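Visitor: Here you go, sequence then predicted model.
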Amino acid sequence: MLSRLLQGALVVLGVVAICFTLIRLAPGDPFFRALDEAAVPAAQRDAQRAAFGYDRPIPEQFVRFVVNAARGELGWSHSRGEPVARALATTVPVSALLIAVAALLAFGVGIPLGAWMGWHAERPTARWLDRGALLLLSVPDYVLALLAVMGPALAWRLFPVGGMRTEFGPTGAAGLLDVARHLALPALTLALPIGAVVARLQRAAMRTVRDADFVRTARATGASEARVARRHALRSALVPVLAYAGVHLATALGGVVVIERIFAWPGMGRLLYEGVLSRDYPLVAGGVLVAAVGAVLGTMLADLALRWADPRQRGLE
Amino acid sequence: MPAANDRPLALHVRDLGVRLTSGARPLLEGVSFDLARGASLGVVGPSGAGKTTLALALMGLLPRHAAVTPGATLRLGTTPLHDASPETRRLVRGRRMAMVFQEPMLALHPALSVQEQVAEVGIVHGLPPETALRRALDQLARVGLVPAATFGARRPHELSGGQRQRVLLAMAMFLEPEVLIADEPTTALDPALQREVLDQIDALRRNAGTALILISHDPDVIRERCDTVLHLRDGRPVGPATEGARPSPITRPSAGRAATTAAPERSAPEPAAPVLLDVRDLLVRYTGPSASGDAATSAVDGVSFTLARGETLGLIGPSGAGKSTLAHALVRLLPVAGGSIHFHGTDLTALRGEPLRRVRRRLQLVAQDAGASLTPHLTAETLVAEGLEVHGLARGTDARRRARTLLDEVGLPARAAAARPRELSSGERQRVALARALAPAPDLLVCDEPWAALDPDRRDAILALLDDLRARHGLALLVISHDHDAVHRLAARVLPMYLGRVAAAPHAAATT
Amino acid sequence: MNARLPRNALVVLGAMLVAAALAPWLAPYAPSAQLDPATLAWRPPSLAHPLGTDSFSRDVLSRMLHGARSTLGVAVLAVAVSLTLGTLVGALAATARGVVDALLMRLTDALLAIPRLLLLLLVVAGAGTLDLAPLALVLGATGWMTTARLVRQETARLLATEHLRGARVLGVPWPRLLRRHVLPGLAPTLAVAATAAFAAAVPLESGLSYLGLGVRTPLPSWGNLLADAESLPLQHWWLIVFPTLAIATTVLAANRLAEAIADGMQRDVDEGTR
């Protein structure tokens, strides 16, 4: 257990190191060059240069970088006129809400559906569902988003077209409902491809497990098919799906960018996109760092869940 | 045999058959027997005979692609099972008819605790969970897993092979079924443990009056423990169910008899033949996750022996004795933890890299699963020729020509030369492996279980071939097998091996 | 190797690649030619323009064909880069083992943790615009990690096979072992890795172009064709539907192909022929 935590810490450090390399050693020195923008007040420019060790040797810059990141100092965003950390702090929770709901949908539907598909893999329905899932994950998420905007939003007026809440709209409980209505389409769009992958992974795992010896033993005790599937097979078949959960986080954080832009969801993705357009390097770099560290932590959590499901510690490589 | 009308039958089987749903040849045909209450039936046969298929058919646990043929009759006590609904059969499983599976590591759920798994049988058949869990602990104690609470909390990978087997037994006997089917319950265990487990089964059986169907490929075990015997071969019964006593005419892997048949050309080493191989105090440890939870015993524990030029030495012992490990260590496929292997005077354990590679020319191995040692995408000819090429003995067309000669010498038809391993039968693959091992003209050939997978005719053919090759090429042979008779026919000197050690005397009494 | 490759998938992929290669000859109009801004803008599909026209009265069919060149060309080049890098890293890790293996794999894990699209965004934020070739290079440089993992796993498995031990016992030296006994076994894995990488690269390239950060108009790409319709998606449905169909069928075909090869590999392992 301790060794895994240590390994996880090492990976986090590695991620930070890689981010540092990308940020500081990019050709043209965009990180510090961003401070030369007209919009940056002189006081900030000096403060930033001092904090990040402009003109200091690289190893010292790295240490400063890590310490700063730990303290929450991620640089200055000239396009927004505020510290990067503050810009991220307001938007990360918004994205987190979207991703969390999408993940709940994707895994909440994908796992039971995939388990059913795998257990009854010979049935035509299961086969068609599998093909459908493959099709679904072949359509890029921004295309799904566009189709969602075209269909349920515009054509059928089922959901609002964009944003997080209605301007001057209701507050309190009704306000929550308003947010939920705005959340529905983006979360669904984000969830569909991921759910498709989850369902197929679960299907494949379940299909293999149902022929395993210990499942046969469970049947030999006289347990019903349902109990065998639920209590014996599923727990083992969850392993690859949980392994994927960690990896998926990194993919989801990327997909968030396009979805948020199309649905005008005011999260980190949209923030970064606008940062790219304004060539606001520190902002994008800060976002990458936060996203990467978040992904590693999420993977570690998934790893813990994995070890519950299979105490033989056949965990991630 | 106890008179059948004294007690009602536990199991009545007539004309039981199993075939693949795809309609190909049947897996099992025409099996009939009666099992009296509390009696025991042994089911014997070589691997692939259909013994496990029979067990699964009785339990109603056949895999998806197989089914019982119509026209079979199966009755448990007074309950007909052959045309019963799936629900009826489900209710019977575990409660009135139970099974102990092979390979306990795979048969137990990896994530659930032992206690939970044993209790499962009770819960499934209506016991309240707390009661079932409590009784599960009692059951664990009954099979000798004490303290029960400690064992109950463990997971299967934390137990040794023998302990896992007992857990399966505890599960099967939990509700004191009328019939217990034990499928090779002792294969992975050493003889002492085998005895314990079988005694355990008998003890539990006697208490509950359970009838037993014991499946094994070891006729001695069957003979000792079973009232009647059913021989299976290729899915069919061989002769009617007979009284115990007669051993199977098929294979006799473990009778430790001194060879009495004359083996005319057995290599007796000339007294002055120089020592080719000198092994001293060889020590090889188990690597990787140990199959048993026991402490670190060594797979090869201080073995010493010599082998002279042109001599044939046999190495016999039960499975798990460490014979294959020794073979692999000799050819340096396994790391050696201690001792020395002097070959032509050089200590192999001290060689690495290119010098080791060059020595390999003189010391070759034909592995147990010879076919698996052949690279799948290369042809037989290429594989054998490689033996010549990598040691600089021939190149190109010359190498291929000589390869074809070698293939012919081991008795393979011409068409085999251009074939890939998967296109050949397992016997043919073995010959290819043999030809490849002979290509560099080694001085010593180690053969690991050369006839384990073969039936008697093919086994005799391989025996004759090895003897012939040995004479023709002046080879020394180290032949490893658990088949005493065959080894004694080929080798003058035989070393028995047991639990990693070699007995001092060259001949073995029974090793069990 | 025992793979039943889905014919449809092969046909689709082949057709796409051929269409991309022959675009200059197949396209009825020049892709950037604004044929008649006054009257021919935003026309739905018709006989003269089977896939309609866009906001600048450019023929969509021609733009789709030339867009295939951008999208598929970038994807193919990206796959070449990521496949090479990934194979080198994976094979090295598996053969060297020990510390080298651990280091390389931790590096791979760390890079995998960084969302690929965000990495690409970072590059664009720093570099500004990206031409086709640099875009492909960057895509490849950010996508080799999955291939490395696959190659490492398969190489490690091949090195542990019984037949490799058999060849070692025979005395086959390492260079020959790798060349004749290991590498040919890698071919299916590389095929899977390549098709999967391709299936990942196409949406990434088109996504970037859609955002305006990849291939910039007037140069067409399947992605930026979609962007054209954003403002009034319902009214200009043909600008969304056709690129969507193209992307979806291409990615679907690549995915199915990758799966078929992977299944074939699994069958070979099960039957003991690998």
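Guide: Cool, the structure landed.

Visitor: May I ask which helix or strand encompasses the residue in the stretch 201-317 of chain A positioned nearest to chain C?
Guide: The stretch 201-317 of chain A approaches chain C most closely through residue A:254 (3.3 Å), counting by C-beta to the nearest C-beta. All C-beta atoms are positioned from the backbone trio N, CA, C, and that covers glycine. Element membership for residue A:254, per DSSP states H and E: helix A:234-263.

Visitor: quick one: average pLDDT of that helix?
Guide: The average pLDDT within helix A:234-263 is 81.

Visitor: buried sites along that helix?
Guide: By neighbour count on 16 or more other C-beta atoms under 10 Å in any protein chain shown, the buried set for helix A:234-263 is A:234-239, A:241-263.

Visitor: Show me what that helix is packed up against.
Guide: Where contact means 3 or more C-beta pairs under 8 Å, 6 or more residues apart in numbering or on different chains; DSSP states H and E, helix A:234-263 is packed against helix A:84-119, helix A:141-148, helix A:172-209, helix A:268-277, helix A:281-309, helix C:98-113, helix C:116-127.

Visitor: could you point out which element follows the first one?
Guide: On the C-terminal side of helix A:84-119, the nearest following helix or strand under DSSP H and E is helix A:124-138.

Visitor: about what we covered before: distance-wise, check the residue of the stretch 201-317 of chain A closest to chain C relative to residue A:141.
Guide: According to C-beta to C-beta, to the nearest Å, residue A:254 stands 9 Å off from residue A:141.

Visitor: would residue B:23 count as being in a helix?
Guide: No - counting by DSSP: H, G, I helix; E, B strand; the rest coil, residue B:23 is not found in a helix; it is coil.

Visitor: Distance-wise, check residue B:468 relative to residue B:174.
Guide: From residue B:468 to residue B:174 the distance is 57 Å (C-beta to C-beta).

Visitor: These two: who's more crowded?
Guide: Between residue B:468 and residue B:174, residue B:174 has the larger neighbour count (other C-beta atoms under 10 Å in any protein chain shown), namely 25 against 14.

Visitor: interface residues of chain C facing chain B?
Guide: By the rule C-beta under 8 Å from any C-beta of the partner chain, the part of chain C lying against chain B is C:161-173, C:176, C:180-181, C:184-185, C:268, C:271-274.

Visitor: now the closest residue to chain A within the stretch 351-500 of chain B, nearest residue through space, not along the chain?
Guide: Residue nearest to chain A within the stretch 351-500 of chain B (C-beta to the nearest C-beta): residue B:369, separated by 21.4 Å. Of all residues not flanking residue B:369 in the chain, residue C:162 sits nearest, at 6.5 Å (C-beta to C-beta, 6 or more residues apart in numbering or on different chains).

Visitor: Tell me, how many residues neighbour that neighbour?
Guide: A total of 17 residues lie near residue C:162 under the criterion other C-beta under 10 Å.

Visitor: ok, it touching residue B:367?
Guide: Yes - in this structure, residue C:162 is within contact of residue B:367 by C-beta atoms under 8 Å, at 7.0 Å.

Visitor: Could you pull out the residues contacting both of these two?
Guide: Common neighbours of residue C:162 and residue B:367, counting by C-beta atoms under 8 Å, 6 or more residues apart in numbering or on different chains, are residue B:373.

Visitor: Show me what residue of chain C gets nearest to chain B.
Guide: Checked against chain B (C-beta to the nearest C-beta), the nearest residue in chain C is residue C:166, 2.8 Å away.

Visitor: Now do the SS call for that residue.
Guide: Residue C:166 ends up helix, using three-state DSSP.

Visitor: My understanding was that the residue of the stretch 201-317 of chain A closest to chain C contacts residue C:117; is that so?
Guide: Yes - in this structure, residue A:254 is within contact of residue C:117 by C-beta under 8 Å, at 3.3 Å.
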